[in-house]
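In: just the structure for this:
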Amino acid sequence: MKLTEINIYPIKSTRRIALQQSEVLPRGLPWDRRWMLVDSDGRFVTARKHPRLAMVQTRVGETSLYVQGPGMPSIEVPLYPLDGERVAVQIWRDRCEALATSPEADAWFSDYLGMPVRLVQLTDDLHRGVDPAYGRPGDEVSFADGFPLLLIGEASLADLNTRLEHPVEMRRFRPNVVVAGAEPYAEDAWRRIRIGDVEFEGVKACSRCIFTTIDPDTGEKDPAMEPLRTLGTYRRRPEGGVYFGQNLVPRSGGVIRVGDRVEILA
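Out: Residues are numbered from 1 along each chain as shown. Alright, predicted model coming up:
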């Protein structure tokens, strides 16, 4: 098996940046979901309710994150803010502190979405833990839904597409790493893997939501609720939830590269 994709999504719910290689940190890949939008109550704002976010494109420069959106001028957000207000934020049931970025970014996204929002960053000195039901003490995550990385096998998507009237691309599912050479859904059972020289623990299958129905090119939801509807016919678990992909926690550091060998250790 080999690694075929590495992706990051610097601002939660925005488009991916495809990489050829990446360092692996305890929280996941550098700059992945380090920013998110929050409303006036500090609650996270995503494309689930605001699909236009899925069309926002970012680029990581040496000192700035560059942001573009349809019909909007581009803006820069500092990667390493010198100061900023610490604000209390909520993502799902988690509460933590984040750093406010800039009034310019807040105004840009508020204009783009048509509602007041703030762009916040989880800097290295701020922390959010992984759900202790699945992670170890000290495991951390950025603003991803719950875990540092998401892995999906190419064969799993290929199998799903045989069941769909209109096939979908892997980017609908927003993985960080994609693997070729496994059987469909083999990743469900992976508990420990090595990509290149970096080890990961498979901690929980990924529960899928309405986000998978959003076309990242148009920001529109599929009227037939695909591919979520079809996934629900054969990937629903008795305890509830529709699953596709495996969440990972890094258990060592290093660099992963497209083309790296992927080994199943347990």
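
In: can you give me the domain assignment for the chain?
Out: For the chain, the structural domains run 2-28+147-264, 37-121, going by automatic domain parsing.

In: list the contacts of the residue nearest to V117 when sequence neighbours are not counted.
Out: Among residues not flanking V117 along the chain, L37 sits closest, at 4.5 Å (CB to CB, 6 or more residues apart in numbering). All C-beta spots, glycine's among them, are computed from the backbone N, C-alpha and C. L37 is in contact with 11-13, 44-46, 53, 109, 113, 117-120, counting by CB atoms under 8 Å, 6 or more residues apart in numbering.

In: apply 7 Å and report the result again.
Out: The neighbours of L37, taking CB atoms under 7 Å, 6 or more residues apart in numbering as the test, are V45, F109, V117, R118, L119.

In: any chance of the domains of the chain in CSV, plus mean pLDDT and distance to P137?
Out: Output for the domains of the chain, formatted as CSV (pLDDT from 0 to 100; distance: least, CB to CB, whole Å):
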stretch, mean pLDDT, distance to P137
domain 2-28+147-264, 97, 12
domain 37-121, 96, 16
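
In: now the strands for the stretch 101-250 of the chain?
Out: Across the stretch 101-250 of the chain, reading from the start of the chain, the strands by DSSP state E, counting those that start in this stretch fall at 118-121, 149-153, 177-180, 192-195, 198-207, 243-250.

In: which strands and helices lie in contact with the last one?
Out: Spelled out, that is strand 243-250. Judged by 3 or more CB pairs under 7 Å, 6 or more residues apart in numbering; DSSP states H and E, strand 243-250 is in contact with strand 149-153, strand 198-207.

In: of those strands, which is nearest W92?
Out: The stretch from the helices and strands packed on strand 243-250 with the least distance to W92 (CB to CB) is strand 198-207; that distance is 11.4 Å.

In: put the alpha carbons of the closest one into CSV.
Out: Included here for strand 198-207 are C-alpha records, laid out as CSV according to Å, rounded to 0.1, in the frame of the first residue of the first chain:
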residue,chain,number,x,y,z
VAL,A,198,5.7,7.9,11.2
GLU,A,199,3.3,5.8,13.3
PHE,A,200,-0.3,6.5,13.9
GLU,A,201,-3.1,5.0,16.0
GLY,A,202,-6.5,4.5,14.5
VAL,A,203,-8.9,5.6,17.2
LYS,A,204,-12.4,6.0,15.7
ALA,A,205,-14.2,5.5,12.5
CYS,A,206,-15.3,8.9,11.0
SER,A,207,-19.0,9.7,11.3
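
In: parallel or antiparallel, which strands does it pair with?
Out: Taking DSSP bridges as the criterion, strand 198-207 forms sheet pairs with strand 192-195 (antiparallel), strand 243-250 (antiparallel).

In: quick one: which of those is nearest L164?
Out: Closest to L164 of those is strand 243-250 (CB to CB; 12.7 Å).

In: just checking, what packs against the helix or strand just after that closest one?
Out: Following the chain from strand 243-250 toward its C-terminal end, the next helix or strand by DSSP states H and E is strand 254-257. For strand 254-257, the helices and strands in contact under the criterion 3+ CB pairs under 7 Å, 6+ apart are strand 21-24.

In: ok now do R191, which residues does it touch?
Out: With contacts defined as CB under 7 Å, 6+ apart, the neighbours of R191 are E201, G202, A266.

In: gap between it and I75?
Out: From R191 across to I75, the span is 42 Å (CB to CB, to the nearest Å).

In: hmm, back to that, so of the strands paired with strand 198-207, which one's packed in deepest?
Out: Among the strands paired with strand 198-207, the stretch with the highest mean neighbour count (mean count of other CB atoms under 10 Å) is strand 243-250, at a mean of 24.
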